[in-house]
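[1] one predicted model, sequence on top.
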Amino acid sequence: MSIKIQVPVVDSKLAAVFPEVCVCCGAPREVESALVLGRQVARGKRQESITVKFDVPHCERCGRTTKAVFLAGCIPFVLGFVLVGLGVFGVVAYLALGSGLDDHGKPGNSNSLLLGAAAGFFSGLIGAFVFEVAARVVLLPFLGRGLSNAPLLAIQLLRDSQYIAGLSAKLNSEATHVELELANARVAEQFAALNR
Ligand SMILES: [Zn+2]
């Protein structure tokens with residue numbers, strides 16, 4: 001069972017230290033995986049963008065899994081977005097042009113391109129999602145638990161959270177705290193004891 005811990009943010013840094021073990025499996029620390037969380041926060045009248053960046057200890061194997069899982073999600077996501085988005089953009093813009101959409105309104109308008117771009121953007125998002133799910137089904141036997149535990153990129157984008165092996169992190173709406181969710185209860189205990 002995963003354990004949630006709230007950690008305060010001070011000067012855009014995480015006010016806590018990680019134990020010298022892999023957050024995923026508890027093996028000795030060998031590498032680090034960087035996590036970057038960002039958010040727009042209203043400070044008085046203006047918007048400020050806050051970025052909190054920190055390194056999370058991993059063992060060699062979990063660090064590698066994190067990279068592989070990121071690529072396994074990111075590459076099909078981008079590919080699906082570009083391929084489906086461009087395809088739909090082309091078809092919709094071409095059909096709209098053919099149907100005489102640009103003949104109405106002001107001369108020289110590019111309504112067909114705008115319509116194509118809007119259609120392309122939304123179908124691109126759907127394409128990205130479908131490609132990522134398909135890639136996950138294909139890659140699951142190779143990447144195993146590291147991949148099945150990771151939420152889909154589309155969902156991470158919606159929820160504003162970041163995932164690496166053994167840990168997911170989310171910045172609260174005022175950017176004063178980071179909510180860490182540790183998958184390994186023993187590591188969570190060590191973390192809590194270290195930052196009491
Ligand atoms: Zn590990």
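    Arrived safely. Treat the numbers as computed from the prediction; the structure is a model and nothing was measured. Residues are numbered from 1 along each chain as shown.

[2] where do the strands sit along this protein?
    Ranges of strands in the chain, per DSSP state E, are 3-10, 13-14, 31-43, 46-58, 161-164, 167-171, 177-182.

[3] can I get those in CSV including mean pLDDT?
    Output for the strands of the chain, formatted as CSV (pLDDT from 0 to 100):
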stretch, mean pLDDT
strand 3-10, 92
strand 13-14, 90
strand 31-43, 88
strand 46-58, 90
strand 161-164, 82
strand 167-171, 91
strand 177-182, 93
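
[4] figure out which of the ones you listed is closest to the ion.
    Evaluated over these, closeness to the ion peaks at strand 46-58, with 5.6 Å, by C-beta to the ion. No exception for glycine: its C-beta is placed from N, CA and C like everyone else's.

[5] so which of the strands of the chain is nearest residue 189?
    strand 3-10 (8.1 Å; C-beta to C-beta).

[6] and the longest helix anywhere in the chain, how far out from the chain middle?
    Taking DSSP state H as the criterion, the chain has its longest helix at helix 60-98. In terms of C-alpha atoms, centre = their mean, to the nearest Å, the gap separating the centre of helix 60-98 from the centre of its chain is 14 Å.

[7] and if you look at stretch 53-63?
    17 Å.

[8] tell me the buried residues in it?
    Across stretch 53-63, burial judged by 16 or more other C-beta atoms under 10 Å covers 54, 56-59, 61-63.

[9] burial count for residue 173?
    By the criterion of other C-beta atoms under 10 Å, residue 173 has 11 neighbours.

[10] does it touch residue 42 like I think?
    No: Residue 173 lies out of contact with residue 42 (C-beta atoms under 8 Å); the separation is 9.5 Å.

[11] before we move on, back to that, mind listing what's buried along the longest helix of the chain?
    61-63, 65-66, 68-70, 72-73, 76-77, 80-81, 84-85, 88-89, 92-93, 96-97.

[12] report the angle between that helix and strand 31-43.
    On the basis of axes from the mean of the first three to the mean of the last three C-alpha atoms, to 10 degrees, helix 60-98 is oriented at 50 degrees to strand 31-43.

[13] which strands and helices sit next to helix 60-98?
    Applying 3 or more C-beta pairs under 8 Å, 6 or more residues apart in numbering; DSSP states H and E, one finds that helix 60-98 contacts strand 31-43, helix 111-143, helix 145-148, helix 153-159.

[14] quick one: which of these is nearest residue 23?
    strand 31-43 (8.7 Å).

[15] just checking, what packs against the closest one?
    strand 46-58, helix 60-98, strand 161-164, strand 167-171.
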